[in-house]
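Chemist: heads up, no residue letters with this:
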């Protein structure tokens with residue numbers, strides 16, 4: 001099975017391959033199709049264990065394959081596909097003020113219960129020598145959130161990636177999200193959101209910059 005091959009491959013190179021890790025660079029041609037095929041077989045076993053008659057039920061006859069395609073190519077694509085290409089431009093005017101972007105849609109999956117995490121991400125940048133296009137922030141966030149994970153680690157990974165791609169003097173990331181493992185099960189609480197923040201570089205060193213970020217954040221869509 002491809003899962004056994006990948007397990008051995010990851011252990012050989014000592015890549016921990018946790019749920020929120022990406023493994024795209026360790027995949028060979030044809031591996032994605034093999035993963036999809038194995039997931040389809042495995043999920044068919046889940047449906048069988050749930051005593052669902054997929055042979056005669058027209059609604060679930062092809063569900064296992066649909067779920068496999070969805071997991072590999074959509075919901076968890078951040079594990080199996082490379083990051084988006086990011087073109088950087090020189091900060092020609094030496095812009096040295098804070099800029100922000102958001103809300104950026106967050107559609108992720110909780111690694112604990114495999115329930116959706118749905119919300120928004122806000123990013124603040126205190127630029128250095130280069131800048132990237134605004135749409136690239138959205139694409140990078142989507143790539144990172146498309147994995148099973150917890151929100152705290154997701155926020156850290158977004159900050160890590162943005163910091164690497166922008167080489168900014170300061171990076172601030174806020175994620176505000178609803179967790180379906182709270183709204184659809186358990187306490188079934190529909191009024192609670194979770195907010196996480198990561199501040200890097202000058203946002204930690206310069207108090208007025210941090211204050212400005214949070215002041216502007218309060219005026220952005222979805223934060224009132």
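Modeler: Happy to help now that I have it. Everything numeric here is computed off the predicted structure, so don't read it as measured data.
Chemist: for this structure, which spans come out with low pLDDT?
Modeler: 224 (pLDDT under 70).
Chemist: ranges for the strands of it?
Modeler: Along the chain, the segments classed as strands by DSSP state E run 88-90, 99-110, 116-126, 130-132, 148-149, 170-179, 194-201.
Chemist: how near is residue 106 to residue 140?
Modeler: 12 Å (Cβ to Cβ, to the nearest Å). C-betas here are computed from N, CA, C, even on glycine.
Chemist: what's the answer for residue 45, then?
Modeler: Computed with Cβ to Cβ, the distance linking residue 45 and residue 140 is 35 Å.
Chemist: what does residue 173 give?
Modeler: On the measure of Cβ to Cβ, residue 173 and residue 140 end up 11 Å apart.
Chemist: now residue 83
Modeler: Distance, residue 83 to residue 140, by Cβ to Cβ: 7 Å.
Chemist: of these two, which one has the most company?
Modeler: For residue 83 versus residue 140, the count of surrounding residues by other Cβ atoms under 10 Å is larger for residue 140: 23 against 14.
Chemist: name the nearest residue to the residue most central in space within the chain, ignoring sequence neighbours.
Modeler: Most central in the chain under Cα atoms, centre = their mean is residue 145, positioned 0.8 Å from the mean C-alpha point. Leaving out its chain neighbours, the residue that sits closest to residue 145 by Cβ to Cβ, 6 or more residues apart in numbering is residue 108, at 4.0 Å.
Chemist: quick revisit: just put the strands of the chain in CSV and tack on distance to residue 156.
Modeler: Rendered in CSV, the data for these read as follows (distance: least, Cβ to Cβ, whole Å):
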stretch, distance to residue 156
strand 88-90, 22
strand 99-110, 13
strand 116-126, 13
strand 130-132, 20
strand 148-149, 10
strand 170-179, 8
strand 194-201, 6
